[in-house]
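Trainee: What follows is a predicted protein model with its sequence.
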Amino acid sequence: MDRTPELLIDLDRVADAYRRFTDAMPDIAVHYAMKCNPHPAVLDRLRALGSRFEIASASEVELLMRLGVDPAEVIYSNPVKPVAHIARAFTAGVRQFAFDSVDEVRKLAAVAPGSSVIVRLAAHDTASGVPSEGKFGVDVDAAVELLAVARSVGLRPYGIAFHVGSQMLTPSAWRAPLDAVRDVCLKLQTRGIMLTLVDLGGGFPATYDVPPPPLPAYAKVIENGLSALPYPVRAVVEPGRALVAEAGVLTATVIGTALRGGRRWIHLDVGAFNGLMESLETGNLLRFPVRDSRSGARRALFHLTGPTCDSQDTILFDVELSADLTTGDVVHIGSTGSYTTVYASTFNGFDIPTVRCVSSGYAAVNRKSDSASRINGHLGPTERSGSIETKSDLGYARRNGM
């Protein structure tokens, strides 16, 4: 490793996660939510496996097109979009757009005429590990009216979408939104509108401090909800975190230690502002798995904090690590393949992590220390793969806001 912080992504781990989805939900199409990690190597591996994609901006579809993705199979699921982005995406070939307002209907009719539109339902009554709902979505009656308005201006009433929130550990969270989908379908039938698509959103969890319920538990709830609809539909899911989080290990260097008020602090060269923003989003409740380079038998509790002068720049409290951890040692933070570098900034002048994508075999053969490889239980001793990213990833990260 040339320097830290560095995010190592195991592409084989991404592939394994994708296959778990297709095994658990064979009749449901996977559209990767690329916002959580749009690294080209990740996107290309998923594309090769047959994944489709979900986007939130025109820039994202343009990146996918450079990798050979067909825009016609992309869902633009951001309910409120700049007019210029709608026009760019439509010109590129995107034809599936989400919305949740009359204003958005007018924009779509003007610059994306004839498109297939997907109304966003609210799913406010769910409690997820990383709360993300409340900004978008309407109730059943409003959804019906919006789709009727869309038809009146030449758009195609195509589907319904919802999102239960990120890192959802309760499979039953999909039950109530699917009941609402059924109600929308029944009400639309009386107006002669039959929908084609149900977008079940994301929210599927990754492993942090505790393992989530198995995917088949989610699949069962979803299957039951879909079977209760008044007619068959095409169903899609939009996993992000669940496909890439556990593939990532973020390696950081200890830049200082301190004892304050009887509590031991470890300052790292990565923190909330340059790679671990979800620490702030969750009130430090998202418990990333952490190991250190010493792996000492004598343990102590530490607070892990970042390099900036902002007191909010703290990652985790009361983390058990080697008691003799000191400046210059290395800490490995697992389950960091999602919502890390893509959120990162250079606040206070500190670097964002470089990104290196490898296969399991490459990591086992080439890393100087394999403790980071072991932290997520992957990167084992297999053959070296040719799918490798190098230090040029730093340039990609800085150009694209990763």
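Mentor: Cool, got the structure. Note that the coordinates shown come from a computational prediction; the quantities given were computed from them, not determined experimentally.

Trainee: now the helices for the chain?
Mentor: Here the chain has its helices, by DSSP state H, at 11-24, 40-49, 58-66, 83-92, 102-111, 140-152, 175-189, 215-227, 241-244, 278-281, 360-366, 371-375, 393-400.

Trainee: Could you say which of those is packed most deeply?
Mentor: helix 241-244 (a mean of 29; mean count of other Cβ atoms under 10 Å). The C-beta positions use only the backbone N, C-alpha and C, and glycine is treated the same way.

Trainee: just to revisit the earlier point, same list, the helices of the chain, but as JSON lines with distance to Phe317 please.
Mentor: Converted to JSON lines, those look like this (distance: least, Cβ to Cβ, whole Å):
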{"stretch": "helix 11-24", "distance to Phe317": "28"}
{"stretch": "helix 40-49", "distance to Phe317": "30"}
{"stretch": "helix 58-66", "distance to Phe317": "35"}
{"stretch": "helix 83-92", "distance to Phe317": "40"}
{"stretch": "helix 102-111", "distance to Phe317": "41"}
{"stretch": "helix 140-152", "distance to Phe317": "42"}
{"stretch": "helix 175-189", "distance to Phe317": "34"}
{"stretch": "helix 215-227", "distance to Phe317": "30"}
{"stretch": "helix 241-244", "distance to Phe317": "22"}
{"stretch": "helix 278-281", "distance to Phe317": "10"}
{"stretch": "helix 360-366", "distance to Phe317": "30"}
{"stretch": "helix 371-375", "distance to Phe317": "19"}
{"stretch": "helix 393-400", "distance to Phe317": "28"}
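
Trainee: Of all these, which one comes closest to Ala344?
Mentor: helix 393-400 (7.8 Å; Cβ to Cβ).

Trainee: Val144 is in contact with Leu186, isn't it?
Mentor: No: counting by Cβ atoms under 8 Å, Val144 stays clear of Leu186, with 9.5 Å between them.

Trainee: The residue nearest to Gly202 when sequence neighbours are not counted and Ile193, how far apart?
Mentor: What sits nearest to Gly202 in space, not counting adjacent residues and going by Cβ to Cβ, 6 or more residues apart in numbering, is Glu238, at 4.4 Å. The gap separating Glu238 from Ile193 is 23 Å, by Cβ to Cβ, to the nearest Å.

Trainee: Looking at those two, which one has more neighbours?
Mentor: Glu238 (24 against 17; other Cβ atoms under 10 Å).

Trainee: Quick one: residues contacting that one.
Mentor: With contact set as Cβ atoms under 8 Å, 6 or more residues apart in numbering, Glu238 has these partners: 31-33, 54, 75, 77, 163, 199-202.

Trainee: Can you pick out the most distant pair from these?
Mentor: Tyr32 and His163 (14.6 Å).

Trainee: quick one, which of the two is more surrounded?
Mentor: Tyr32 (30 against 26).

Trainee: among the contacts of Glu238, which are in strands?
Mentor: 31-33, 54, 75, 199 (DSSP state E).

Trainee: if we take the residues you listed, which one ends up nearest to Asp12?
Mentor: Checking those one by one against Asp12 (Cβ to Cβ), the nearest turns out to be Tyr32, at 16.2 Å.

Trainee: Okay, and the beta partners of that closest one?
Mentor: Counting by DSSP bridges, Tyr32 is bridged to Phe53.

Trainee: Check the gap between it and Glu73 for me.
Mentor: Counting by Cβ to Cβ, the gap from Tyr32 to Glu73 is 12 Å.

Trainee: now do Leu63
Mentor: Where Glu73 is concerned, Leu63 sits at a distance of 15 Å (Cβ to Cβ).

Trainee: next one: Thr91
Mentor: 16 Å.

Trainee: now do Ala15
Mentor: For Ala15, the distance to Glu73 - Cβ to Cβ - is 19 Å.

Trainee: before we move on, what about Pro113?
Mentor: Counting by Cβ to Cβ - Pro113 and Glu73 are separated by 20 Å.

Trainee: Between the two, tell me which one has more neighbours.
Mentor: Higher neighbour count among Pro113 and Glu73: Glu73, with 16 against 11, using other Cβ under 10 Å.

Trainee: burial count for the closest residue to that one other than its chain neighbours?
Mentor: Of all residues not flanking Glu73 in the chain, Arg52 sits nearest, at 4.8 Å (Cβ to Cβ, 6+ apart). By other Cβ under 10 Å, 18 other residues sit near Arg52.

Trainee: Then the one 3 residues further on?
Mentor: The tally of other residues near Ile55 (other Cβ under 10 Å) stands at 29.

Trainee: how close does it get to Val140?
Mentor: 27 Å.

Trainee: Ala228 now?
Mentor: Counting by Cβ to Cβ, the gap from Ala228 to Val140 is 15 Å.

Trainee: Which residue ranges make up each domain of this structure?
Mentor: Listed by automatic domain parsing, the domain ranges of the chain are 38-239, 245-400.
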